[in-house]
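*Asks:* A predicted structure for the sequence below; I have some questions about it.
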Amino acid sequence: MNDIRQISPQALATLGVDQIAYVKPVEIEQEMRFAVHAADGTGVTVFPSLELAQLAIRQNDLQPVSVH
């Protein structure tokens, strides 16, 4: 087993990229939307509802994680 304390910055940046995506509520033009980000923080897209964001993430075989 590898020691997580020895992980390189590059490996840490890609940790979870193929497993999770983050959903963050955002306000756009005075309306609540839900931004989807890859595990490395890269913005992917914005959805009009949390349910649609989570559905799209699951359809891509990823696990949605909420960010507040």
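*Replies:* Yep, that arrived.
*Asks:* can you give me the strands for the chain?
*Replies:* Using DSSP state E, the strands of the chain run over 20-28, 31-38, 43-47, 63-66.
*Asks:* So which of those strands is nearest residue 8?
*Replies:* strand 31-38 (18.8 Å; CB to CB). Quick note: C-beta positions are derived from backbone N, CA and C, even for glycine.
*Asks:* residues near residue 68, how many?
*Replies:* 4 (other CB atoms under 10 Å).
*Asks:* ok, now residue 19?
*Replies:* 11.
*Asks:* what's near enough to touch it?
*Replies:* Residues near residue 19 by CB atoms under 8 Å, 6 or more residues apart in numbering: 39, 62-63.
*Asks:* same for the longest helix belonging to the chain, what does it pack against?
*Replies:* Once the chain is assigned using DSSP state H, the helix that runs over the most residues is helix 50-59. Secondary-structure packing of helix 50-59 (3 or more CB pairs under 8 Å, 6 or more residues apart in numbering; DSSP states H and E): strand 20-28, strand 31-38, strand 43-47, strand 63-66.
*Asks:* By mean pLDDT, show me the worst of the ones you listed.
*Replies:* Sorting the helices and strands packed on helix 50-59 by mean pLDDT places strand 63-66 lowest, at a mean of 92.
*Asks:* Mind listing residues that contact that one?
*Replies:* 19-24, 53-54, 57-58.
*Asks:* coming back round to it: quick one, which of the helices and strands packed on helix 50-59 is nearest to residue 10?
*Replies:* strand 31-38 (15.3 Å).
*Asks:* CA atoms of that closest one as PDB?
*Replies:* What follows is strand 31-38, C-alpha atoms only, in PDB (Å, rounded to 0.1, in the frame of the first residue of the first chain):
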ATOM      1  CA  GLU A  31     -31.400  32.400 -11.100                       C
ATOM      2  CA  MET A  32     -30.000  29.400  -9.200                       C
ATOM      3  CA  ARG A  33     -28.200  27.000 -11.400                       C
ATOM      4  CA  PHE A  34     -25.900  24.000 -10.700                       C
ATOM      5  CA  ALA A  35     -22.300  23.900 -12.100                       C
ATOM      6  CA  VAL A  36     -20.600  20.600 -12.700                       C
ATOM      7  CA  HIS A  37     -16.800  20.400 -12.100                       C
ATOM      8  CA  ALA A  38     -14.400  17.600 -12.700                       C
END
